[in-house]
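*Asks:* Could you look at this predicted model? Sequence included:
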Amino acid sequence: MSGETGTTISSDDQRWHAACADLLGSLKRPYIWGRLGWLDVRHRYLGSVLGSLWLTANVTLMVGCLTLVFAVPLGSAPGAYAAYVTVGLVVWGFVQSTAIEAPTLFINAAEPLRQCTLPISIHVFRLIWRNLIVLGHSAVLIPVVLLLFGIAPAASAWTAIPGFMLLVLALAAGTLLLALLGARFRDVPQMVTSGIQLLFFATPVFWLPSSLPPDRQWLLQINPLFAFLDIVRAPLLGGTPAASSWTIAAGVTLALLAVAVAGYAAWRRRIVYWI
Amino acid sequence: MARLVLDGVSVTFPIYHASARSMRRFALKGALGRRIRMEPRMPSVAALSEVDLQLQDGDRLAVVGANGSGKTTLLRTAAGIYPPTAGRVRLVGSVTPLLGLGTGLNLAATGLENIFLMGMHLDIPPSRLKTVVDEIVDWTQLGPFIGTPLRTYSAGMIVRLAFAVSTAFPPDILVMDEWLGVADAEFRAKGYERMAGFVNGARITLLASHHRSLLETWCNRAILLEEGRIIADGALETILDRALPKDAT
């Protein structure tokens, strides 16, 4: 609903103001994206016996399988490796599903976008929330594995929380950006799907950073996903993230936010014409 | 006081070709420089051309015109969904578009959940909707079906539910196409009563339809659209006689 003071919609003016009002409007309506996100997850598993526990089962099987195959060749104790790979897969699953769903976000929301006056960015919040719920289902495995293999988190384990919040913020900005690009250029969904697969192998999710030879360590330096993974994973496993990880993660988040908001201000009005 | 002003509003839809959309074309364009034209200018459709319209409290506008004359585009633009490509739209007051049957309906969710889903898409906060849920459930006479998924409903039952939720809270500016009016006709006196309360609660109404009797019931002014332009604006009967002669309906 528009305020009593009135709104003016035209082709040229107040782009920044309108884009920020749209984002704030979504923040003020958690009951909308909250409920829609829940329903998305619920309906995906409707009628299945395990239901959303499939999410937990999936990551458990992956961890078991990867530990069986890779712990010994990578020269790691099975317990420590299982914990390492659990946190890695949980975080990666969140990044991957968000990235894959993002480019088709506005295309799939064409009907409500053409029929309703709700803020457009509500769909971004819905996607992030839906994937946070999915993440919650696999994240329960983390404390279980830590307890099982007697891995004590360090005193600095709490820093995983701000690290994770930074990741959520970066993904939200990235989702908005990919959704804009995907609505305009229909190649983007395909590019992201194949790109994220490459990144899974290029990022130390199931292999250790130390297994890269010194002359290949730059592969980690140029991969911002490693920085995000590092600031969440290292503290949980009783270690400390690399010094550069926080700087890179914060820098990338800020840059993504700036580009996403600028892109949104520039193109928000065109979305409904693109879809 | 509510107001709706369209000032020289044009809406042009670009027709994106499969190739025009591809990044390959976009990148090539960048690499070769913008001066080299890879294709003729992107074709587009002018859906609305320089539309001027002023509505205030008490105006109930019938929007008539042939298929493809821009009725739905005008409604969406007036509601703020399509930002105009030229000109400006000024809205004072809350606006609710009711275009098509129950946006937000989910066939896997129960009737009760769908009341809230539809309410969300109409931007009614759940706290406000809760105050009328019992009344809505009662009006639909769905009985125990209100707790079963929507896919167990007949088409008529879904329309009843969508109609009851859509008409729960009148906005300042009501923008609708004919599904609501047609639904109202199906429920006879009971629907008419609810519809009247709803439309009378709104300060400004825009209704697009081909049904003469529907427009005569709810409107007091009319515009006639042709190829995206308003070619007549004025008294209801005059314009309806021109656009929808009685024989035809």
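*Replies:* Looks like it came in fine. Since the structure is predicted, the reported quantities are computational estimates derived from the model, not experimental observations.
*Asks:* for the chain, what helix or strand is lowest in average pLDDT?
*Replies:* Going with chain A. Lowest by mean pLDDT, DSSP states H and E among the helices and strands of chain A is strand A:7-10, with a mean of 76.
*Asks:* meant chain B actually
*Replies:* helix B:18-21 (a mean of 52).
*Asks:* sorry, back to before: touching the least confident helix or strand of chain A from outside, list them.
*Replies:* A:Gln14, B:Gly80, B:Pro83, B:Pro84, B:Gly87, B:Arg88, B:Val89, B:Arg90, B:Leu91 (CB atoms under 8 Å, 6 or more residues apart in numbering or on different chains). Heads up, the C-betas are built off the backbone N, CA and C, glycines and all.
*Asks:* And the fourth one, how close does it get to chain A?
*Replies:* Same thing as B:Pro84. 6 Å (CB to the nearest CB, to the nearest Å).
*Asks:* For stretch A:108-121, which residues meet the burial criterion?
*Replies:* Residues of stretch A:108-121 classed as buried: A:Ala109, A:Pro112, A:Leu113, A:Arg114, A:Gln115, A:Cys116, A:Thr117, A:Leu118, A:Pro119, A:Ile120, A:Ser121 (neighbour count, 16 or more other CB atoms under 10 Å in any protein chain shown).
*Asks:* Show me where the chain dips below the pLDDT cut-off.
*Replies:* Here I'm looking at chain A. Along chain A, the parts satisfying pLDDT under 70 run over A:1-5, A:11-13.
*Asks:* wait, chain B
*Replies:* B:17-41, B:184-186, B:247-249.
*Asks:* Now the phi/psi pair for the closest residue to B:Arg194 other than its chain neighbours, please.
*Replies:* Using CB to CB, 6 or more residues apart in numbering or on different chains and skipping the chain neighbours, the partner closest in space to B:Arg194 is B:Thr167 (5.4 Å). Main-chain torsions, B:Thr167, degrees, to the nearest 10: phi -100, psi 10.
*Asks:* One more: the one 4 residues further on?
*Replies:* As for B:Pro171, its main-chain torsions (degrees, to the nearest 10) stand at phi -80, psi 180.
*Asks:* thought it was touching B:Pro97?
*Replies:* No - with contact defined as CB atoms under 8 Å, B:Pro171 does not count as touching B:Pro97 (9.2 Å).
*Asks:* Mutual contacts of the two, please.
*Replies:* By CB under 8 Å, 6+ apart, no residue touches both B:Pro171 and B:Pro97.
*Asks:* element containing the closest residue to B:Ala79 other than its chain neighbours?
*Replies:* Leaving aside its chain neighbours, B:Ala79 sits nearest to B:Pro97 (4.0 Å; criterion: CB to CB, 6+ apart). Per DSSP states H and E, B:Pro97 falls inside strand B:95-98.
*Asks:* Can you tell me which residues in chain A are near chain B?
*Replies:* Residues of chain A lying close to chain B by CB under 8 Å from any CB of the partner chain are A:1-2, A:4-11, A:29, A:31-32, A:35-36, A:39, A:43, A:46, A:111-118, A:184-188, A:191, A:269, A:272-274.
*Asks:* which of the contacts of strand A:7-10 are buried?
*Replies:* Buried among those (16+ other CB under 10 Å): B:Gly80, B:Pro83, B:Pro84, B:Gly87, B:Arg88, B:Val89, B:Leu91.
*Asks:* who are the neighbours in contact with residue 76?
*Replies:* Picking chain A for this. A:Tyr84, A:Leu208.
*Asks:* that answer is for a different chain, and I need it for chain B
*Replies:* Taking CB under 8 Å, 6+ apart as the test, what B:Arg76 contacts is A:Arg114, B:Tyr82, B:Pro97, B:Leu99.
*Asks:* Any chance of a markdown table for those, columns distance to A:Leu178?
*Replies:* Converted to a markdown table, the contacts of B:Arg76 look like this (distance: CB to CB, whole Å):
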| residue | distance to A:Leu178 |
| --- | --- |
| A:Arg114 | 21 |
| B:Tyr82 | 24 |
| B:Pro97 | 28 |
| B:Leu99 | 28 |
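*Asks:* sorry, back to before: what pairs with the least confident helix or strand of chain A, parallel or antiparallel?
*Replies:* strand B:86-92 (antiparallel) (DSSP bridges).
*Asks:* Okay, helices next: where are they in chain A?
*Replies:* A:15-27, A:30-44, A:53-70, A:78-101, A:105-108, A:110-115, A:122-139, A:141-148, A:160-184, A:188-202, A:218-221, A:224-236, A:243-267, A:271-274 (DSSP state H).
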